[in-house]
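*Asks:* here are the coordinates; sequence isn't available:
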């Protein structure tokens, strides 16, 4: 039904219950298609509602909500998962149907995927080092695992050679998002707790992520060789978090280990396999196109984009056309964790893949497409949808009146950042931690670009245009880029430990905040005598009781505890007949308060000044 709306514009009206489904980052054109309206009329309606946007501009959910409410519709935003399923469905790829069609005899046993979690410095990397007999920790800055890796080890369990896949998640609390994602691709979590330290905040954090993901937990009580180690105390502490050891009548396996002495490692692997066999049905169909997750990705100088992927079902072959998030390509080569080449990778097998055209993000799902052309089209459509969603997210909802007023008052303060890192997991974790910094509503933090690899001329140009700061995490300048950054005056910061970057950005944000001032009392003086002067008005003959009285400072006059004169100024200050700049406690002086003459004996004159409050 056509009905007049704001400003007499003709638009189809809903009945208040009509639901319109839109993808993230949709424009007024998309909305107009859904309700069979003219986009220009929607632009006009939105303008009358105090929002200004073009027909092709990506809008956020709140803006669509305002418009839909005015026109009698209910907006329902399609989730990212639904959006992706619809996109794949348009290419005749139905993930749900493939899973439903799998018969029981097609499913074969697969290795368990294990995530190692725990508090920083409780020995997670040392434990993996002991399991894999490789030295990872030596090259890490600050003893913190800076990115996720995936490895497969083999062990003999009940006379059978079994494989176990390990995902190494970083231990610093800033990587919470990565740790949560690690739990989603895993079957079993190993919670590492130091026997000499006990349960710590990040131990609980890691435990919450594992429990939220619904995965069984095996507890590795590490550092049992150290003096003061108390493995029983760890078991007791964890009972408070519903992890009751088997020896206490519970169902959680606790294993005492020493990564340093290589002690208890076999028992830990055995506990993992026992838990997997008892609690989980770990099977997958290897005879189909591969599906899985990109665990990590980086840009190699000689080989180009490299992605560590975990195959979750099917088998990945060299030569397959794949799409991972917004990256696509053909698998040119595959390597295992030791650098050996592989022709195929089955379920639960982590491999490094070469051949992608760009670097996927850590956590992106990957799938094998029918051909390279289809893979490219899926990647391009995903990229287009993400770009639209990002533009909508960036668009700050503010009315014309508010915006003009904010500009006049100088209230619009934004810190723009460009993030570059050596691996996508680190960039994602850094962005997640930075966006959680809370310094109030006066300041806004925006990440305008993120990427993997060295800092390029494009990064500097973007930072120049948007007045941004570039943060490089374990990367350096590209060729001839440093000179360009110097010429353009772009601030570039380099870090190798993530929390240093967070601290610096937080300080910068606090520097952007408008200063807050507090009143600081300087001194008080009691009026002993009042001298009348035709030239200067009344002069208060006073004795300084506290602090000091300074000329040209702010003052107030109190009588019997009540303020009778405020926001005054000490315009003249004398010691006997001489002018003085300040008079200290215990000394007498003559005080002139300019045009304020209502001073009596017994009044108290307080002086004060405004000082900037340091930000907490």
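*Replies:* That came in fine, so what should we check first? From a predicted model like this one, the values you see are computed outputs, not experimental measurements.

*Asks:* who are the contact partners of the residue nearest to residue 78 when sequence neighbours are not counted?
*Replies:* Among residues not flanking residue 78 along the chain, residue 23 sits closest, at 5.1 Å (CB to CB, 6 or more residues apart in numbering). Where you see a C-beta, it was placed from the backbone N, CA and C, and this is true even at glycine. By CB atoms under 8 Å, 6 or more residues apart in numbering, the contact set of residue 23 is 30, 77-78, 83, 385, 388-389.

*Asks:* and the residues you listed, which of them are buried?
*Replies:* With neighbours counted using 16 or more other CB atoms under 10 Å, the contacts of residue 23 contain these buried positions: 30, 77-78, 83, 385, 388-389.

*Asks:* adding secondary structure and distance to residue 125, write those out as TSV.
*Replies:* Output for the buried ones among the contacts of residue 23, formatted as TSV (DSSP: H, G, I helix; E, B strand; the rest coil; distance: CB to CB, whole Å):
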residue	secondary structure	distance to residue 125
30	helix	48
77	strand	40
78	coil	40
83	helix	37
385	helix	37
388	helix	40
389	helix	36
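
*Asks:* tabulate the contacts of residue 23 (JSON lines), appending distance to residue 540 and pLDDT.
*Replies:* Formatted as JSON lines, the contacts of residue 23 follow (distance: CB to CB, whole Å; pLDDT from 0 to 100):
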{"residue": "30", "distance to residue 540": "74", "pLDDT": "87"}
{"residue": "77", "distance to residue 540": "69", "pLDDT": "84"}
{"residue": "78", "distance to residue 540": "75", "pLDDT": "81"}
{"residue": "83", "distance to residue 540": "76", "pLDDT": "72"}
{"residue": "385", "distance to residue 540": "74", "pLDDT": "81"}
{"residue": "388", "distance to residue 540": "70", "pLDDT": "78"}
{"residue": "389", "distance to residue 540": "68", "pLDDT": "73"}
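
*Asks:* out of those residues, the closest to residue 549 would be?
*Replies:* If you rank the contacts of residue 23 by distance to residue 549 using CB to CB, residue 389 comes first, at 62.3 Å.

*Asks:* report the contact partners of that closest one.
*Replies:* If a contact means CB under 8 Å, 6+ apart, then residue 389 has 23-25, 58 as its contacts.

*Asks:* look up which residues are beta-bridged to the closest residue to residue 123 other than its chain neighbours.
*Replies:* Of all residues not flanking residue 123 in the chain, residue 222 sits nearest, at 4.3 Å (CB to CB, 6+ apart). For residue 222, the beta-bridge partners are residue 194 (DSSP bridges).

*Asks:* tally of neighbours for residue 222?
*Replies:* Per other CB atoms under 10 Å, the neighbour tally for residue 222 reads 31.

*Asks:* quick one: the spatially most central residue of the chain and residue 526, what's the gap?
*Replies:* Against the mean C-alpha coordinate of the chain, by CA atoms, centre = their mean, the closest residue is residue 432 at 1.0 Å. To residue 526, residue 432 is 59 Å away according to CB to CB, to the nearest Å.

*Asks:* still on that earlier bit, and which of the buried ones among the contacts of residue 23 is nearest residue 335?
*Replies:* Comparing the buried ones among the contacts of residue 23 against residue 335 with CB to CB places residue 385 closest, at 31.7 Å.

*Asks:* list the contacts of the closest one.
*Replies:* Residue 385 sits next to 23-25, 83, 87 when contact means CB under 8 Å, 6+ apart.

*Asks:* quick one: which of these is nearest residue 484?
*Replies:* Ranked by distance to residue 484 (CB to CB), the contacts of residue 385 are led by residue 25 at 31.8 Å.

*Asks:* pLDDT value on that closest one, please?
*Replies:* Per-residue pLDDT puts residue 25 at 79.

*Asks:* quick check: it touching residue 83?
*Replies:* No - counting by CB atoms under 8 Å, residue 83 is not a contact partner of residue 25; they are 9.8 Å apart.

*Asks:* re earlier: most widely separated two among the contacts of residue 385?
*Replies:* Largest pairwise distance in these, by CB to CB, is 13.3 Å, between 25 and 87.

*Asks:* the two - which one has more neighbours?
*Replies:* More crowded of residue 25 and residue 87, by other CB under 10 Å: residue 25, with 24 against 16.
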